[in-house]
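1. Here is my input, please return the structure:
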Amino acid sequence: MSMDETLARFEELDAGRVLGDLTSEETSEWQILVTDMEDVHSIELELLATELELKHVQPCDLSSSLSNKIADTIPAFSNKNINQPATQIISILPWLGWAAAACLLVFFNLPTGDGIQNISAELTQAKTELSDKEKTIIELESAKQELAKLNEKLSSELSIESGKIDALNTQIAMLTEKLPLIQKFDSLIQDESDTQRLEFASASDPYAGLSGEVIWNDEKQEGYMSLENLAVNDPTINQYQLWIVDPERDELPVDGGVFNITQKDGKSIIPIRNALVINKPVAFVITLEQPGGVVKSKQEIVVALAKS
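-> Below is the predicted model:
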């Protein structure tokens, strides 16, 4: 094999070595040739490898500072080494690495120098803003909880006050309902000439605290009871019933109407609803009867009695 053929074969194998494409047999062949071609392959193969690398580097615009540095260096290198052996020209190759690195930085838009400092400052500012926002969120959440507690308290107080208002409205309604009866009661009392007035007394122990009076006018056939401290009754279970004793009319008492006590405290004015004409009543009796009352009372539960 001639020297040219040997050199061509070596270059082929050395290029494959640079590219990592040699088989084990080709690697052994390259190791045999490398000792003979040591002085020749160094520059030529490095240049070949550099050429292959440069083919894979994308063109890019270098920064002005790097361009100036390369431009300043290359003329000096050329003037100084124009008569140097080819093996020394390879010293320019490190600048090619600089250029390739610069291209990669531009290609990936990676920050350098002041850019990194700016990014660091922006990150610090972002962290500060995030911390401030987290504090604001915590403060807002705390305020939300306080607002919820206040709303709950106000709702409770409003419910209590609403209950009081409802109770007052109920009392007003009851007083409004009673007012005409009170006025009629007072008007009938003032007519002393024909109005009979008797006091009630309890007739059994369960009603010992009862007090009140009954007024009756024969001419007007009108009368009222004023009762205090009489137990509230459940109309679905029993009702109070008034009986009017008039011996001149009948031996049996006359039904004076059923009624209910709806409140324990205060005075209740009950109108007398006699079904028959009353002439000269001598007594008024209150009994506790079944709902709706009865026609004739057995007087099993006598609540109160008023007699002349």
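2. Going by C-alpha atoms from here, please, whenever you check contacts or count neighbours.
-> OK.
3. Could I get the average pLDDT for the longest helix seen in the chain?
-> For the chain, the longest helix by residue count, based on DSSP state H, is helix 114-190. The average pLDDT for helix 114-190 rounds to 85.
4. immediately after that helix, which helix or strand?
-> As assigned by DSSP states H and E, the chain's next helix or strand after helix 114-190 is strand 195-202.
5. Can you tell me the strand partners of that next one and which way each runs?
-> Sheet pairing for strand 195-202, assigned by DSSP bridges, gives strand 211-217 (antiparallel), strand 302-307 (antiparallel).
6. tilt between that strand and helix 114-190?
-> Between the axes of strand 195-202 and helix 114-190, defined by axes from the mean of the first three to the mean of the last three C-alpha atoms, to 10 degrees, the angle is 120 degrees.
7. Using PDB, write out every CA atom in strand 195-202.
-> In PDB, the C-alpha atoms belonging to strand 195-202 read as follows (Å, rounded to 0.1, in the frame of the first residue of the first chain):
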ATOM      1  CA  THR A 195    -126.600  47.500  86.800                       C
ATOM      2  CA  GLN A 196    -126.000  44.600  89.300                       C
ATOM      3  CA  ARG A 197    -122.400  44.100  90.400                       C
ATOM      4  CA  LEU A 198    -121.200  41.000  92.200                       C
ATOM      5  CA  GLU A 199    -117.700  39.700  93.200                       C
ATOM      6  CA  PHE A 200    -116.400  36.200  92.200                       C
ATOM      7  CA  ALA A 201    -114.900  33.900  94.800                       C
ATOM      8  CA  SER A 202    -113.100  30.600  94.000                       C
END
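8. For it, which outside residues touch it?
-> Applying C-alpha atoms under 8 Å, 6 or more residues apart in numbering, the contact partners of strand 195-202 are 188-189, 208-218, 303-308.
9. try 10 Å
-> With contacts defined as C-alpha atoms under 10 Å, 6 or more residues apart in numbering, strand 195-202 is touched by 188-189, 207-227, 230, 280-286, 302-308.
10. Next: stretch 136-150.
-> So stretch 136-150 is contacted by 130-135, 151-156 (C-alpha under 10 Å, 6+ apart).
11. how far does that stretch sit from the chain's center?
-> Relative to the chain's own centre, stretch 136-150 is displaced by 11 Å; criterion: C-alpha atoms, centre = their mean, to the nearest Å.
12. How about stretch 197-207?
-> Per C-alpha atoms, centre = their mean, the displacement of stretch 197-207 from the mean C-alpha position of its chain is 61 Å.
13. buried sites along it?
-> 197-203, 207 (16 or more other C-alpha atoms under 10 Å).
14. contacting residues for residue 127?
-> Contacts here follow C-alpha under 10 Å, 6+ apart; on that basis residue 127 touches 121, 133.
15. Quick check: residue 241 is in a helix.
-> No: applying DSSP: H, G, I helix; E, B strand; the rest coil, one finds residue 241 to be strand, outside a helix.
16. Which residue is the nearest non-sequential neighbour of it?
-> residue 258 (4.2 Å; C-alpha to C-alpha, 6 or more residues apart in numbering).
17. residues contacting the one you found?
-> By C-alpha under 10 Å, 6+ apart, the residues touching residue 258 are 238-243, 270, 272-273, 286-294.
18. Let's see that with 8 Å instead.
-> By C-alpha under 8 Å, 6+ apart, the contact list for residue 258 reads 239-242, 292-293.
19. what about it, which SS state?
-> Three-state assignment for residue 258 (three-state DSSP): strand.
20. again, but for residue 288
-> At residue 288 the chain is in strand, as set by three-state DSSP.
21. ok, residue 211 to residue 125 distance?
-> From residue 211 over to residue 125 the distance is 86 Å, taken as C-alpha to C-alpha, to the nearest Å.
22. okay, those two: which has more neighbours?
-> Neighbour count, other C-alpha atoms under 10 Å: between residue 211 and residue 125, residue 211 has more, with 17 against 12.
23. Could you check what's spatially nearest to that one, not counting adjacent residues?
-> Distances taken as C-alpha to C-alpha, 6+ apart place residue 228 nearest to residue 211, at 5.3 Å, with adjacent residues excluded.
24. picking up where we left off before, list just the nearest of the buried residues of stretch 197-207 to residue 35.
-> Taking C-alpha to C-alpha as the measure, residue 35 sits nearest to residue 207 out of the buried residues of stretch 197-207, at 136.5 Å.
25. Spit out the contact partners of the nearest residue in space to the closest one that is not next to it in sequence.
-> Once flanking residues are discounted, residue 207 sits nearest to residue 303: 6.3 Å by C-alpha to C-alpha, 6+ apart. Residues near residue 303 by C-alpha under 8 Å, 6+ apart: 202-204, 207, 285-288.
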